[in-house]
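fold the following, please.
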Amino acid sequence: MCQIFAGQNPENYEPVTRRLRLNGQSTSIRLERTFWEILDQIAEGEGMSTPGFVSKLHSEVLELRGEARNFTSLLRCACIKHLTEAASPLHRVAAE
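A predicted model of the protein is given here:
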C-alpha cells in the first residue's frame, strides 16, 4: 500500500507558486502541483480561470466567515471536498 503513496512521482507534490489578485491585491499562493491541477479542473468546470475562481472563493469566504486564517489550507480542503463529492455515488447519479 505504501508504494501507492510513497512511489508517486515527486512532481505531484512539488510546490508551485502562482501570483494572482485577491480582492484587487496582488499576492502569491504556494501549493503542491497536484492541488493546482485540481483547482484548474474546478475552475474550468465553473467556466472560469483559476485566478478568477480562487479570487471568487476568497471573496465568498470573506463574506461568510471573515478572513481565513490559512487560505492555502482552505484551498487544499476545497480540493479534497471536490474529489470526495465527485466520487460520491449520489453525485454521479445527479450528474447523469
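
now do G24 against S59, distance only.
10 Å (CB to CB, to the nearest Å). (C-beta placed from N, C-alpha, C; glycine too.)

shared neighbours of these two, which are they?
Common contacts of G24 and S59, defined by CB atoms under 8 Å, 6 or more residues apart in numbering, are absent altogether.

and the helices in this protein?
2-6, 33-45, 50-65, 71-87, 89-95 (DSSP state H).

G24 and S59 - which one has more neighbours?
S59 (12 against 6; other CB atoms under 10 Å).

do I have it right that that one meets N23?
Yes. S59 sits in contact with N23 when judged by CB atoms under 8 Å, with a separation of 6.2 Å.

before we move on, the earlier item: ok, which of the helices of the chain comes nearest N12?
helix 33-45 (4.8 Å; CB to CB).

who are the packing partners of that closest one?
Judged by 3 or more CB pairs under 8 Å, 6 or more residues apart in numbering; DSSP states H and E, helix 33-45 is in contact with strand 15-22, helix 50-65, helix 71-87.

can you add distance to I29 and give the ones you listed back as JSON lines?
Output for the helices and strands packed on helix 33-45, formatted as JSON lines (distance: least, CB to CB, whole Å):
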{"stretch": "strand 15-22", "distance to I29": "6"}
{"stretch": "helix 50-65", "distance to I29": "7"}
{"stretch": "helix 71-87", "distance to I29": "6"}
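
now these in a markdown table, with mean pLDDT and distance to F35?
Below are the helices and strands packed on helix 33-45 laid out as a markdown table (pLDDT from 0 to 100; distance: least, CB to CB, whole Å):
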| stretch | mean pLDDT | distance to F35 |
| --- | --- | --- |
| strand 15-22 | 96 | 9 |
| helix 50-65 | 96 | 11 |
| helix 71-87 | 95 | 5 |
